[in-house]
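Enquirer: For reference, the sequence and a predicted model appear below.
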Amino acid sequence: EDQVTQSPEALRLQEGESSSLNCSYTVSGLRGLFWYRQDPGKGPEFLFTLYSAGEEKEKERLKATLTKKESFLHITAPKPEDSATYLCAVQAWETSGSRLTFGEGTQLTVNP
Amino acid sequence: SQTIHQWPATLVQPVGSPLSLECTVEGTSNPNLYWYRQAAGRGLQLLFYSVGIGQISSEVPQNLSASRPQDRQFILSSKKLLLSDSGFYLCAWSHPGNIQYFGAGTRLSVL
């Protein structure tokens, strides 16, 4: 069974204070690892897909990295508008219907 | 470009009443479609997915059912709502093996 564990559950940062969110996973053959951002009361918004260990992707202040066991979402010099819940999900090769297994998310709060 | 519509945005229903939530996708054909439920402060739980018209797979035994009467339409239903059915319901679509894109969600409160 595929499993995704995200840590920490919640993170408070001061504006400009860089940090990282962790996503540990176990999957029988990783097809892709996905990062989403979710604002309160809204649907998740796609951020990144990573496919193989060593891959990195960047978007503004966010950078996602992938190893064989975990992924990190690095946030550099965050701003209050980066406050949201960040969700990690994995997709296995043999999963029918291209299903995703999600973690519980990390709730990020960036204070001005 | 593709868009996904989900309605209603909020819904308050009494226990024992029926439910029908609708999701439609525009700008693509033969998408995979998904229904998720999210409890407050938690991750997403996959309820149903569909790879084609009339093809529904259920992930969690429960009081809900899903149907796909048309290629880009996905409906979540219940004959009698329970208190435990309250939550945030999300519809998503993808091309096979690709990124899932989510709708805005429906907040369901069962009282």
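Expert: The structure has been received and is ready for your questions. Numbers count the residues shown, from 1 in each chain, chains lettered A, B, ... in the order given.

Enquirer: How about the residues of chain A by chain B?
Expert: Contacts of chain A with chain B, taken as C-beta under 8 Å from any C-beta of the partner chain, map to A:4, A:31-32, A:34, A:36, A:41-46, A:49, A:87, A:89, A:91, A:96-100, A:102-105, A:107. From N, CA and C alone the C-beta is placed, and that goes for glycine too.

Enquirer: In strands only, show me these.
Expert: Within those, residues falling in strands by DSSP state E are A:4, A:31-32, A:34, A:36, A:45-46, A:49, A:87, A:89, A:91, A:102, A:107.

Enquirer: returning to that earlier point: can I have the buried ones of the residues of chain A next to chain B as a ChimeraX selection?
Expert: Here is the ChimeraX command that selects the buried residues among the residues of chain A next to chain B (16 or more other C-beta atoms under 10 Å in any protein chain shown):
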select /A:4,32,34,36,43,44,49,87,89,91,97,98,99,100,102,103,104,105,107
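
Enquirer: Pick out the residue of chain B closest to chain A.
Expert: Nearest residue of chain B to chain A (C-beta to the nearest C-beta) works out as B:Phe102 at 3.6 Å.

Enquirer: For burial, what's the neighbour tally of that residue?
Expert: Here the number of neighbours of B:Phe102 (other C-beta atoms under 10 Å in any protein chain shown) works out to 21.

Enquirer: hey, what's it bridged with?
Expert: Assessed by DSSP bridges, B:Phe102 has beta-bridge partners B:Ala92.

Enquirer: pLDDT wise, what is it at?
Expert: B:Phe102 carries a pLDDT value of 97.

Enquirer: Would you quantify the distance from it to B:Gln6?
Expert: 9 Å (C-beta to C-beta, to the nearest Å).

Enquirer: can you list residues touching both of these two?
Expert: Jointly contacting B:Phe102 and B:Gln6 under the rule C-beta atoms under 8 Å, 6 or more residues apart in numbering or on different chains are A:Gly43, B:Leu90, B:Cys91.

Enquirer: Spit out the contact partners of the first one.
Expert: To tie it back to what came earlier, the one meant is A:Gly43. Under the criterion of C-beta under 8 Å, 6+ apart, the neighbours of A:Gly43 are B:Gln6, B:Leu90, B:Ala92, B:Phe102, B:Gly103, B:Ala104, B:Gly105.

Enquirer: If we use 10 Å, what do you get?
Expert: By C-beta atoms under 10 Å, 6 or more residues apart in numbering or on different chains, the contact list for A:Gly43 reads A:36, B:4, B:6, B:36, B:38, B:44, B:88, B:90-92, B:101-105.

Enquirer: And those residues, which is closest to A:Ser20?
Expert: Nearest to A:Ser20 among the contacts of A:Gly43: A:Tyr36, at 16.8 Å, using C-beta to C-beta.

Enquirer: what is the residue most central in space within chain B paired to in the beta sheet?
Expert: By C-alpha atoms, centre = their mean, chain B has its centre lying nearest to B:Trp35, at 3.3 Å. Beta bridges link B:Trp35 to B:Phe48, B:Cys91, judged by DSSP bridges.
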